[in-house]
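1. Fold the following.
(one chain, ligands or ions: 1)
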Amino acid sequence: MNILFVASEIFPYAKSGGLADVAYSLPLELRKENIGVYTVMPLYNQVDRKKFSIIYSGLSFDYYLNGIRHQFDIFCKEDSQNEFFIYNPILCDRLGLYDDEYGDFGDNGLRFGLFSYAVIELMLRKKLKIDVIHINDWQTSLLALLAKTKYHLSQKIVLTIHNLAYQGVFPKSLMNELELDWDACFKFSGIEYYDNVNYLKAGINFSDKVTTVSETYANEIQTSAFGKDLDDVLRSNAYKLSGIVNGISSEVFNPKTDKFLYEQFSLESYEKKYINKKKLIENLNLEDSNRPIFIFIGRFTSQKGVDLLLESINLIRSYEANFIFLGSGEEFYTKAFDSIKGRYKNIHIEIGYNEEFSRKLYAAADFLLMPSTFEPCGLNQMISMQYGVLPLVCETGGLRDTVSDFTNIDDIDNFNSGIGISFFEHNLFWFNHALAKALSLYSNKPKFEKISKHNMGVDNSWTNSIKKYIEIYKG
Ligand code: ADP
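-> Numbers count the residues shown, from 1 in each chain. Next up is the predicted model:
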């Protein structure tokens, strides 16, 4: 079986969030199961062609849309014929992937519409033998509509929704620019959305199967509370919708081999985790390495519950614990965190995206804060477990499926999934309650260490989920 895996970002070439991690690790794991996987992504300016040995494949083609010529050049890895990159100036010549400091680029509908056309053209012109086209999120969703209404492809189309909050909503004038057939597109309201077009809606309607990244999120998005105005579309497509939890790569996130750590460690050398803790505390000028460390790593956006973090600053600044927040994102939150920077001895704030620092944090931390308002799957909580961290989470989406509250578990030795602290109602009272529970647990060092070690052994790999994806591809 051969899969064409299409994504707008793939680690390590370009990454803005969890999608890139999944688009890296899922194809890798599928290949281990003898599934042929071709990957395709845009060759953005920021992708380092030299570092990653990306070369011109010899294929270029023009495609005319509404009388305008669009030129595409296909690149590939020097040492493999199954990773493709598409270059087109409108799609790729930007400083960011989807936006920059001035906001959304304004022509993302055209950019990713062109990308969808180019992926199909690449498959046809390279004569790739493909059984399933696996698309991801709104950026690649138009491909489903093109496949069904314009190219009439025989391949099965599988769409994975990594985050329903981002849908790709654009003015309907785009239909002309992309030469889309109004009748075919608007029949059954396939792409129409309040007199605009909605790429993700088209992806849901025109794909053969739709998956999302945890079972709980698959249920949540069919309700008006989490459905982001697409819950009715999802409910009517419920027969083809399922939830498959993401895995993480044990090669990338492994404290035994992670080169970014001060000191590598494993279950057998658990005490070395404390070296990481001590060094980090020293380097950041924080207080007392016997205190617990709470970390937050993620995008500064309301989804990640950063409002709760900001609202609790007045309380946590007097806790006998250290807090480290690493993130970047919306200007409002970035400014708010910036204004707190350097004010309190036990709170360290780092604004930006920093892979190396994030690994040092995972290695040193005792608790990971993840008070998300909603969370399709979440990778941080799974990554942190590998480094012996206890996630403190709001019980939603993938967080609910991967973390259980320690007070609900009688027999840790016979429990297979992650353990931490969880709260259900998303408000300051219950978040603070969860923080207090964490501090109290930490004061019982033997119990805390037992859970920390348990989490290091939890299987957050792709093993089970890969089987489910293969069933979807075959079914
Ligand atoms: P998202 O909703 O952003 O996709 P996920 O939890 O699915 O959230 O994935 C986030 C990924 O990005 C994780 O690998 C996490 O460690 C990483 N990450 C997020 N923000 C930062 C940052 N500021 N610096 C380093 N890594 C980050």
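
2. So which bits of the stretch 201-350 of the chain are right by the ligand?
-> 297, 298, 299, 326, 327, 328 (CB under 6 Å from any ligand atom). In short, each C-beta sits where N, CA and C put it, glycine included.

3. Secondary structure of the last one: a helix, I assume?
-> No - per DSSP: H, G, I helix; E, B strand; the rest coil, residue 328 lies outside any helix segment and is strand.

4. Quickly list what it is bridged to.
-> On the basis of DSSP bridges, residue 328 is bridged to residue 299.

5. So what's the residue count around it?
-> Applying other CB atoms under 10 Å, we find 17 other residues in the vicinity of residue 328.

6. now do the first one
-> One way to gauge burial is a neighbour count; for residue 297, by other CB under 10 Å, it gives 24.

7. Can you give me the pLDDT of the closest residue to the ligand within the stretch 1-150 of the chain?
-> In the stretch 1-150 of the chain, no residue comes nearer to the ligand than residue 18, which is 2.3 Å away by CB to the nearest ligand atom. pLDDT for residue 18: 86.

8. Quick check: it touching residue 382?
-> No - in this structure residue 18 lies outside contact range of residue 382 using CB atoms under 8 Å: 10.2 Å.

9. Identify the contacts common to the two.
-> residue 246 (CB atoms under 8 Å, 6 or more residues apart in numbering).

10. next SSE after the strand or helix carrying residue 201?
-> According to DSSP states H and E, residue 201 maps onto helix 199-206. Using DSSP H and E, the helix or strand that follows helix 199-206 in sequence is strand 209-212.

11. same for that next one, what does it pack against?
-> Here strand 209-212 touches strand 156-161, strand 241-243, helix 463-474, going by 3 or more CB pairs under 8 Å, 6 or more residues apart in numbering; DSSP states H and E.

12. Please repeat the previous calculation with a cut-off of 7 Å.
-> strand 156-161, strand 241-243 (3 or more CB pairs under 7 Å, 6 or more residues apart in numbering; DSSP states H and E).

13. most tightly surrounded among those?
-> Across those, averaging neighbours per residue (mean count of other CB atoms under 10 Å) puts strand 156-161 on top, at a mean of 25.

14. Sheet partners, orientation included, of that one?
-> strand 132-136 (parallel), strand 209-212 (parallel).

15. quick one: average confidence on that strand?
-> 98.

16. follow-up on the earlier one: from the residues of the stretch 201-350 of the chain next to the ligand, pick the one nearest residue 344.
-> Checking these against residue 344 with CB to CB, the nearest one is residue 326 at 16.2 Å.

17. Hmm, that closest one is touching residue 358, no?
-> Yes - the pair residue 326 / residue 358 is scored as a contact, 6.1 Å apart, by CB atoms under 7 Å.

18. Residues that sit against both of those two, list them.
-> residue 297 (CB atoms under 7 Å, 6 or more residues apart in numbering).

19. give the contact list for residue 90.
-> Counting by CB under 7 Å, 6+ apart, residue 90 has contacts 110, 111, 114.

20. tell me the phi and psi of residue 32?
-> phi -60, psi -20 (degrees, to the nearest 10).

21. ok, it - how many residues close by?
-> 10.

22. Equivalent analysis for the one 5 residues further on, please.
-> Applying other CB under 10 Å, we find 20 other residues in the vicinity of residue 37.

23. Next up, identify which helix or strand the residue lying closest to it once chain neighbours are set aside is on.
-> Nearest in space to residue 37, with sequence neighbours left out and distances taken as CB to CB, 6 or more residues apart in numbering, is residue 27 at 4.2 Å. According to DSSP H and E, residue 27 maps onto helix 18-32.

24. How about that helix, which residues are buried there?
-> 18, 19, 20, 21, 22, 23, 24, 25, 26, 27, 29, 30 (16 or more other CB atoms under 10 Å).

25. Provide the contact partners of that helix at residue level.
-> 3, 5, 7, 9-11, 14, 37, 39, 136-137, 162, 246-249, 379, 462, 466, 469.
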